[in-house]
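Colleague: Structure for this input, please:
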Amino acid sequence: MSEGTPSIYEWAGGDEAFRRLTEVFYGHVRKDPVLAPVFAHMDDAHPRHVAMFLSEVFGGPERYSAEHGGHDHMARMHLGRHITEEQRRRWVSLLADSADEAGLPADPEFRAVFSYYIEWGTRMALVYSADDPPPTAGPMPKWEWGQTPPWRPGG
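Modeller: Predicted structure coming up:
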């Protein structure tokens, strides 16, 4: 990555953008017939915790790891939940719609890397929610621009 290229977290708009995203998303989840049962007992702090997790994944402060236990904690939250493919797909599509509604960047580079993580992360949630999950311990995922750094005119 070239020097001066913002992190995905910065490009998205930082903490405020991820808080907005999760508030919009979980507001819809509570009313969604496919996802509402999965989150029926969701704590009011859940959207903020997920915002912290996503912020860290995309290059923001490591608060989720410091305050909640990082990847291990997030993975353990999925154990025994038996998430279905229908629920996973609905989660992905509702989050993409929520990103639009919350005003996250719409440029193809951001949306490509954002979607890449969301696809990977939801598929990992399926793995951890199954009957025979792998160990949950592991490093916090860190997503970067990879193949698609943000395009900026003149550089």
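Colleague: Just the buried positions in the worst-scoring helix or strand of the chain on mean pLDDT, please.
Modeller: The weakest-scoring helix or strand in the chain, judged by mean pLDDT, DSSP states H and E, is helix 70-76 (a mean of 79). Residues 70-72, 74-75 are the ones in helix 70-76 that count as buried (16 or more other Cβ atoms under 10 Å). Yep, even glycine has a C-beta here, placed from its N, CA and C like the rest.
Colleague: could those go into CSV alongside distance to residue 140?
Modeller: Listed next are these as CSV, based on distance: Cβ to Cβ, whole Å:
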residue, distance to residue 140
70, 5
71, 5
72, 9
74, 9
75, 11
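Colleague: ok, of those, which one's closest to residue 37?
Modeller: residue 74 (20.4 Å; Cβ to Cβ).
Colleague: hang on, the earlier thing: tell me which residues of the very next helix or strand once past the least confident helix or strand of the chain are tucked away?
Modeller: Beyond helix 70-76 on the C-terminal side, the first helix or strand identified by DSSP states H and E is helix 85-101. Across helix 85-101, burial judged by 16+ other Cβ under 10 Å covers 87-88, 90-92, 94-96, 98-99.
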